[in-house]
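*Asks:* Have a look; sequence and predicted model below, questions after that.
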Amino acid sequence: MIGLVLSMIRARPGQAVAAFVLAMLAMAAAVSAPVYITTADRAVVASEVEAAPINELVVQARREAKAGDRAFEDLAPKVFVFPGFSTVFSAETNTYVTSSVAGVEPVAPRFVYRDDACAHVRLVEGRCFISQSEIILSKPTFDQLKVKVGDPLNVDWATFDAEGQEWIGSGKPTVMSVVGAYEPIDATEQYWADFGYFDDRPSARGVTAPILAGRLTLESIERLTERQALDVVIDHAAITGDSLVAVNGAVESGRAQLAGLSGSPTVKADLPHLLARIERDRSLVSQVVPVGAVPLVLLCWFVLFVVVASATGERRQELGLVALRGVTLPRRWWLAAGESIVPILLGAAAGFVLGHYLVRLAAWLLLGTSGDVPLKEGANGWALTALAGAVLAAVLAQRAELAKKTIDLLRNVPGRLSRWGAPVFEVVVVVLAVVAMLQLRQGDSGLTGFAVFGPSLVVIAFGLLAARGVLPLAERNGRRALRRGRIGPTLAAYAMARRPGSQRILALFVVAIALACFAATAASASDDNRDLRIRVELGADRILTVEPVSRTELLGKVRALDPAGDFAMATAMLPTSGDSGAQRMLGVDSERLAKVALWNDTRFTAAEAAAALRPEVPRDSVILDNKDVTLDITVDKLVDAFRVRFVAVVIPLDGSAAGEVDFGAPQLGRHTYVRNLPMCVNKCRLAALRIRQPEDRGFDAGITLHSMAQRGETVTDFSDAEEWRVPETPGPKLIVPDLTLLGGGLHMDVSNYKGADVAFTLMPTDAPSPMPVVMSPTAGIGDHMAGFDGARVTVKVAGEAVQIPRVGVRGGIVDLDYAERLSSGGADTISPQIWLNANAPADILDRVAAQGLKVMTDQRLAPLRAALDDQGPAVALRFHGLAAGFAVLLAGGALWLVTSLDRQRRGGELRALRAQGVARRDASANGYLALVGTAAVIGPFAALASWLLVREHLPVFTDDPGTFPVPVWPSPLPVAAAWVASVLTLTGVALLAGARLRAATRQR
């Protein structure tokens, strides 16, 4: 029997090759999923490690030790012995350094010994330290102390005087020799850990970098204590998918041992945060990839079923002759199945190898890695399932013909669709799809378990039902065409309605097009979601975070940087109030909002938001200089006022600290009060006029303000009550004066204070009150927020945007200038930033430095977006596109193989029709294009149904913040492109198949 099977294969090599190729593709598709998961796993691990902050890749042990105590130094490095781990011990103390050069102020640098420090600095002068008493200085310190290589320095142990806020020498000076000046090669590398050695911000130390020296040099300083540290630097290559557990175990073991050393060192290890993200990434990859792999494997089985069924149908007469000769049913099954099973087994072996190399190619194209995964990775349940499914599909494909009577087989007439077998199968598929979707929708475990089959079963069920629904329509069209004498459309419609192969091909086309559309939809929606998230969280194309400066200085310098407001905008966060429901509020230079910010709401535009944030105000700010200011005031009542003073609060426009000018104690009657404003050399803004009593204790008073003058000219009068305001009243303990116009001036009155605190303050209305804010609809700010000075500010919601730049759905924005005017303090900003759009000049960093602003971080849209693209869900979704393209090619190949098998028999039928006078064009009408056209219409709806059911469960981010739901409708262009590509591919195959069939109608 084996020899007979081999003879049959040799006699029909085309059918054997078809089974071989399809089995190979099915196995390659099955193997590609686990191999891609392994490859993607490596890619996301490498990506997460590369993007991890330093603190997650360095285990930090810290200890305050007495001078000479080396227990920690001797034992700590021994507890972290693991491949890829390197330990860096350091010790430091505070020193007081005086130069021998006259006129040079002493400084108080950190004096640091650090293992192998010379390998991590660049010597710009001299050499590195070698022996005891040799030190190297940072180049700025070297220049500041005005020393040369070889000069001596007096180094003393230093302590900090909290009362005087300065460092002082506290020991016996040691003379040390300066042998070099250095600069760090990379101050951000893991080696320096979190010590912040190179901090350019001014401090009481007087320098911004440490002295570096040897261990014995540090020992030579007379000191009481020193700070010791061990940094365990974890190399990037040490963390792989295979080593995660071992690395974590080594870190936890070392941390436990360090905690038990003398001196109770503190140990900080943030590596578990990184490992948790990696595990989440890996989990999502293994969860998302099968969603695309399952339908591909099912499609391969279905194609194999279709092709084997067509091949068996072509051997119908042969099977009838075998049955007529009395061959038993088991032997007939073996003869029929053996011709397919043998090529399937050989194809599976070839597909196992092919799948690995296809993934290597895909990984090189999609992930930037070679994907060199050993063959053993594919030897798992996926491969066995694919092989078993392929064999079962081949056996089931022959069941229909082998179950027929011998007379039916000998007639060699194609069978019609089964009256009950196919509908039962379709019902089973529909039921399984419903079960999978119910598990997905009602469970909370996402696309796991049987739910992973949900998207593919929905698409397959849709395709089968659509193919079933087309039957009566095709039959009706065929009858109508026959009545009208249109032979070609009649033959095409009947071929579509009555031949089982046509129905299967239609279902196959629907599934292939639907999978292509689904993959494009998922990829497009995920891309849109990642774009939205990065746009919201960043806020602009580029963000420069600068060192803290005052709000006035930040606004002024950014406006000077970009006078036209074309590319730069100043922003700062407002403090949050103590309320539990307080939302994050961002202050922006709203006049530049529309040009600079990445705004994400089309219903309420950035221009509309800017207009809402900056309404007209009753008056301009009161601007003063440093000359004498004259206040003309009448005081007609003072009760319980023991030590009250007139105070003017001014905010310097140059960004320096806010100032308060004391005009003295108020006197009854009309008087003129004069004071100079020394802090207003570069002009100031008047923030408030106050009558203040110590501890804000209450008192009754009535005063009338007539005018304020400077240089003999009136700066402002008080004739318009709308130009002035009093503070908001936050509660029953604080009362504010009543304002009325009286005698051409503004009268302020507090009566019957009854023990309450009094805010006897007058402020210009150069900012709107209540303060307009633009909020996310879900933020819920209430009726007030905290101002820059922490005071309560009443607000009104002037507009709503779905996502607010930088604060998302948990906050809002206000005008930075107006918020500053409402503040009576000039403290530094919280998180001062310069937002830039794509038009920012290439030398923007130099321009920012020229304004005296120091850039701390520089964030750009593209690198942050690329980081999201390297997360597990994004990497996994790329497999869907690969699988969809494979599915379309597979469907086209199935049509080609089926028509090749069918061509010889149908060629005879069509030649007979030609002999009866039927035109060649009509005789060769096959309905292939009609199948493609029908599937092109149905496929997108099948994809849409599957998408709507699984959309909410499709992971997009590893660290999902829960505020960026996957959009229902993705960008249409990628979906349309996938649809067009798949339809054109199948149309091309249909045209070629039709041409081959027309060629078969020629008379012999």
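*Replies:* Arrived safely.
*Asks:* If you count contacts, what does the biggest strand by length in the chain end up packed against?
*Replies:* Secondary structure of the chain read by DSSP state E shows that its longest strand is strand 85-99. Judged by 3 or more C-beta pairs under 8 Å, 6 or more residues apart in numbering; DSSP states H and E, strand 85-99 is in contact with strand 110-114, strand 152-161, strand 166-169, helix 215-219, strand 225-234. Bear in mind the C-beta positions are built from the backbone N, C-alpha and C, glycine included.
*Asks:* again, only this time at 6 Å
*Replies:* Counting contacts by 3 or more C-beta pairs under 6 Å, 6 or more residues apart in numbering; DSSP states H and E, strand 85-99 is packed against strand 110-114, strand 152-161, strand 225-234.
*Asks:* Of these, which is nearest Asp640?
*Replies:* strand 152-161 (41.7 Å; C-beta to C-beta).
*Asks:* quick one: average pLDDT of the closest one?
*Replies:* Mean pLDDT, strand 152-161: 91.
*Asks:* try stretch 470-488
*Replies:* For stretch 470-488, the mean confidence score works out to 71.
*Asks:* And for stretch 164-184?
*Replies:* If you average the pLDDT over stretch 164-184, you get 90.
*Asks:* So which residues of the stretch 151-300 of the chain form strands?
*Replies:* Using DSSP state E, counting those that start in this stretch, the strands of the stretch 151-300 of the chain run over 152-161, 166-169, 174-184, 211-213, 225-234, 266-268.
*Asks:* Same list, these, but as CSV with mean neighbour count and distance to Met708 please.
*Replies:* Formatted as CSV, these follow (neighbours: other C-beta atoms under 10 Å; distance: least, C-beta to C-beta, whole Å):
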stretch, mean neighbour count, distance to Met708
strand 152-161, 19, 43
strand 166-169, 16, 40
strand 174-184, 19, 53
strand 211-213, 26, 54
strand 225-234, 22, 55
strand 266-268, 16, 56
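*Asks:* Just confirm Asn749 is within a strand.
*Replies:* For residue 749 the amino acid is Asp, not Asn. Yes: Asp749 sits within a strand when classified using DSSP: H, G, I helix; E, B strand; the rest coil.
*Asks:* correct me, but it touches Val736?
*Replies:* No: the pair Asp749 and Val736 fails to qualify as a contact (C-beta atoms under 6 Å) at a distance of 10.5 Å.
*Asks:* sorry, back to before: could you redo the strands of the stretch 151-300 of the chain as JSON lines and give each row distance to Leu897?
*Replies:* Conversion of those to JSON lines gives the following (distance: least, C-beta to C-beta, whole Å):
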{"stretch": "strand 152-161", "distance to Leu897": "84"}
{"stretch": "strand 166-169", "distance to Leu897": "85"}
{"stretch": "strand 174-184", "distance to Leu897": "66"}
{"stretch": "strand 211-213", "distance to Leu897": "74"}
{"stretch": "strand 225-234", "distance to Leu897": "54"}
{"stretch": "strand 266-268", "distance to Leu897": "63"}
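*Asks:* quick one, which of the ones you listed is nearest to Trp835?
*Replies:* Between those, strand 174-184 lies closest to Trp835; by C-beta to C-beta that is 29.4 Å.
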